[in-house]
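Novice: give me a model of this one.
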Amino acid sequence: MTKKILTILVLILIGSAGFAQQKPKPKDKPPTQKEIDELMREALKEMDGMSEEEKKMIEEMGIKMPDLKSIPKFTDEQIQEFASAGEFSIPKRDAARIASVNKMALSKSELALHIKSTCVKVESRMDTKKLTAGRQAYTDIKAKFKDPTAVATAASGYWIMGVLQPAIYLMGKACQDDPTNSDNLNNYAAFLTMSQAEELALPILISLNKDFPKNSTVLNNLGHAWLGLGDVALAEKYLDSAIMIFPNHSQANYTKGLVKNAQGNTAVATTAIKRSIKRAYSDSKKSMLNDLGYKLNNSDVGWNLQMPQEALLLSKFEWPDYPKTAQQSELLQTEWDAYQKKMNNQANEFLMQHGKIFTEDAAQENMQALLKNKNMGQYWLAPKAFNMLDYTLSAKSGAMGKLKQKEVELENAAKIIAELEEKKESALAAVHQEFKPLIGEGKSNPFEAYCAKVTAVQNGFLNSANPILEKAYKGYIEAYQKMVNEKVYYQQFMFSEKDMEGFKLYEKARWVTVLANHPVRFETLNLGLCKVQPENHKVNSLALAEFNDLHCNNIISFDIVIAKWRKACDKSTYDIGVGPIKFNMDYNDWKEEVIRGSVEIGISKSIGTSAGPLKAELEANLGGFIEFDNNGLTDVGIVAGAEVKAGVGVDVEVEYEGKILGMETKVDYKQTVGRELSVGVNTRMGWNSGGSVQVFNKF
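Specialist: Just a heads-up that it's a prediction; the model follows:
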């Protein structure tokens with residue numbers, strides 16, 4: 001990357017600096033305004049000399065070219081404040097805002113007035129373009145949908161996509177349209193809390209807590225609202241209550257860990273963050289554990305999606321029989337030679353196809369596709385998948401570690417076979433020595449007895465050696481199969497569809513090579529003076545190998561009014577719904593920073609709203625959950641709920657086409673392999689606030 005482009009990117013980062021950047025280490029000194037001004041002047045010179053190709057490269061990365069004159073100026077004190085704030089920091093106590101909060105629950109009429117006045121305050125602080133977009137979206141949704149939940153669904157959709165101001169506007173309108181809907185009230189309060197408007201959220205949450213006590217979602221949001229105002233003691237009280245009801249509550253545990261770490265209690269902090277990451281993964285939690293001196297391992301992370309047992313390599317594989325006698329060797333060796341030749345030819349075919357995919361031109365095309373999709377979060381589970389893949393390939397107890405154990409067993413088997421071969425050669429030498437005086441011109445020449453003893457030695461060797469080899473290699477290929485299936489399963493969350501096609505071809509080539517390389521021993525029938533007839537053997541018609549087409553078995557589908565959005569491992573598709581925001585390259589003009597949060601997803605008809613806002617402890621009735629931070633979606637869970645037929649969690653039936661290698665025959669079969677989390681106007685959403693960012697000017 002050229003110096004010009006690098007300078008522009010640094011400037012853009014400085015221009016967008018906010019309150020949610022990770023706290024720098026003590027040795028890192030933030031720049032002064034004078035230093036920033038100097039960098040701006042340098043960037044102006046660089047921009048003047050940029051070529052059209054360089055400008056296009058920046059645009060293709062999804063970054064809008066800045067207007068340097070419009071970048072805000074900060075005082076040195078503000079810069080220091082930005083640097084000291086961060087995801088892992090605890091807000092300072094704000095006595096004025098704490099004093100402004102009415103700690104008494106509001107009546108229904110008072111709550112309606114509070115919602116109305118809050119909406120007015122929010123609108124007065126919204127960016128003009130975003131307010132116009134929110135109003136237009138509201139009008140479009142009301143005209144198109146009769147369902148009263150459509151506006152709230154669209155609000156959650158915008159929040160998931162990181163379009164925060166229109167999301168808060170629409171959720172406020174949903175609350176005004178139906179002030180009795182506890183989900184909407186909670187979600188509006190959560191959005192306000194995550195936007196540093198905690199004093200406006202608290203009257204709503206306090207009222208909800210009175211009407212729906214012991215609701216972990218409300219308690220978590222109360223904890224985060226009080227923490228945002230700097231009342232740490234009161235925040236801990238509510239966070240602990242949420243954890244008591246739902247011990248693995250993702251947001252409550254994470255924030256409790258941050259608080260305890262700030263208080264110097266690293267042991268409790270570590271336990272809390274571990275509980276949080278067990279429920280839902282994010283790199284920021286892993287980073288926090290690293291800071292606490294704890295190294296994350298696979299058992300700490302819950303993979304919340306169903307993994308198929310056979311992601312790519314099917315368990316239906318065969319090979320010729322191992323000869324147990326010298327009489328079987330001749331025909332079986334011919335069969336093995338033909339089998340191995342066919343398998344090796346197939347491996348070469350796969351490698352040739354692999355080479356066509358990974359050409360230079362294809363790599364450039366793939367990079368362009370990656371740049372276009374990077375801000376839409378195509379690789380939404382990549383960090384977590386990488387963590388799981390790292391365990392698969394590196395940990396002693398992972399699939400690769402178990403494969404290494406099988407390699408050791410193979411080596412031990414080879415040593416045993418070497419000893420058996422030495423014994424065989426010694427036994428044959430003894431037979432030769434025994435019969436040497438008896439064979440020759442004018443001697444008795446007992447060929448039949450001689451050959452019987454030679455064949456007996458050969459048969460004894462084969463009958464001992466080949467079962468050992470077959471058992472050891474069968475264990476090896478089963479372990480290899482498990483390792484590859486896990487490997488390609490996690491890779492599909494990390495790489496593009498085109499890359500995955502290449503990876504699959506490479507793994508198929510490796511697989512058929514492994515199947516071809518069976519260690520098998522044969523013995524020559526016509527040894528010395530013996531002419532032994534080969535044993536009749538029926539040649540098997542072998543299916544050499546079968547493969548799955550690595551279908552994604554867990555699908556997340558959103559029909560969230562303002563957009564249709566479908567994610568299936570390495571594939572993402574977006575369709576515009578209603579409203580003015582287009583989810584394409586212009587998306588970067590709308591996206592704002594979200595520090596962290598999560599949403600529980602349930603079914604409207606299965607959980608009565610009389611129970612209050614949707615809560616995580618109703619696991620058996622939930623369709624799933626989504627976790628996010630400022631990097632986008634970090635985790636998702638699909639729960640096999642009791643009400644799967646209602647549309648939230650449904651079985652996914654995938655039709656596989658298995659091809660028998662080297663033959664024209666195809667084997668078709670259907671298999672229910674996973675679940676789909678389908679989110680739309682028929683679902684309920686319960687938002688749990690996490691950290692907060694400044695979305696508006698302070699209220």
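
Novice: got phi/psi on the closest residue to Asp629 other than its chain neighbours?
Specialist: Using CB to CB, 6 or more residues apart in numbering and skipping the chain neighbours, the partner closest in space to Asp629 is Arg596 (4.0 Å). Where C-beta positions appear, they are placed from N, C-alpha and C, glycine not excepted. The phi and psi values for Arg596, taken as degrees, to the nearest 10, are phi -180, psi 160.

Novice: got a pLDDT number for Arg596?
Specialist: On pLDDT, Arg596 comes in at 87.

Novice: dump the residue contacts of it.
Specialist: Counting by CB atoms under 8 Å, 6 or more residues apart in numbering, Arg596 makes contact with Glu87, Gln251, Tyr254, Ser282, Ser284, Glu627, Phe628, Asp629, Asn630, Gly690, Gly691.

Novice: can we see that at 7 Å?
Specialist: Ser284, Phe628, Asp629, Gly690, Gly691 (CB atoms under 7 Å, 6 or more residues apart in numbering).

Novice: please apply the same query to Val488.
Specialist: Contacts for Val488 (CB under 7 Å, 6+ apart) come out as Ala311, Leu312, Phe503, Lys504, Glu507, Leu550.

Novice: figure out the helix or strand that it lives in.
Specialist: Assigned by DSSP states H and E, Val488 belongs to helix 447-491.

Novice: after that helix, which helix or strand is next?
Specialist: Note on helix 447-491: by DSSP H and E, the next helix or strand toward the C-terminus is helix 497-516.

Novice: got a list of contacts for that next one?
Specialist: With CB under 7 Å, 6+ apart as the test, helix 497-516 has contacts from 312-313, 317, 319, 340, 343-344, 346-347, 350-351, 353-354, 357-358, 366, 477, 480, 484, 488, 491-492, 495, 545, 547, 550, 570-571, 661.

Novice: emit the ChimeraX select command for whichever of those are buried.
Specialist: Only the buried entries of the contacts of helix 497-516 go into this ChimeraX selection, using 16 or more other CB atoms under 10 Å:
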select :312,313,317,319,340,343,346,347,350,353,354,357,358,366,477,480,484,488,491,492,495,545,547,550,570,661
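
Novice: among the contacts of helix 497-516, which ones are in helices?
Specialist: The helices, defined by DSSP state H, take in 340, 343-344, 346-347, 350-351, 353-354, 357, 366, 477, 480, 484, 488, 491 from these.

Novice: which one of those residues is nearest Ala385?
Specialist: Distance to Ala385 across the ones in helices among the contacts of helix 497-516 (CB to CB) is lowest for Gln491, with 7.6 Å.

Novice: residues touching the closest one, list them.
Specialist: Per CB under 7 Å, 6+ apart, neighbours of Gln491: Leu389, Met500, Phe503.

Novice: strands of this structure, residue ranges please.
Specialist: Ranges of strands within the chain are 554-559, 563-568, 571-576, 596-603, 622-629, 632-638, 649-659, 666-679, 683-689, based on DSSP state E.

Novice: least reliable of those strands going by mean pLDDT?
Specialist: strand 649-659 (a mean of 38).

Novice: tell me where the model's unsure across the stretch 51-200 of the chain.
Specialist: Along the stretch 51-200 of the chain, the model assigns pLDDT under 70 to residues 53-88.

Novice: how about the helices in it?
Specialist: Applying DSSP state H, counting those that start in this stretch to the stretch 51-200 of the chain gives helices spanning 52-60, 76-84, 95-100, 108-125, 128-144, 150-160, 164-177, 182-193, 198-211.

Novice: ok so, going back, mind picking the lowest-pLDDT entry from the ones in helices among the contacts of helix 497-516?
Specialist: Across the ones in helices among the contacts of helix 497-516, the bottom pLDDT score, 54, is held by Asn366.

Novice: quick check: Ile243 vs Gly157, distance?
Specialist: In this structure, Ile243 and Gly157 are 29 Å apart, going by CB to CB, to the nearest Å.
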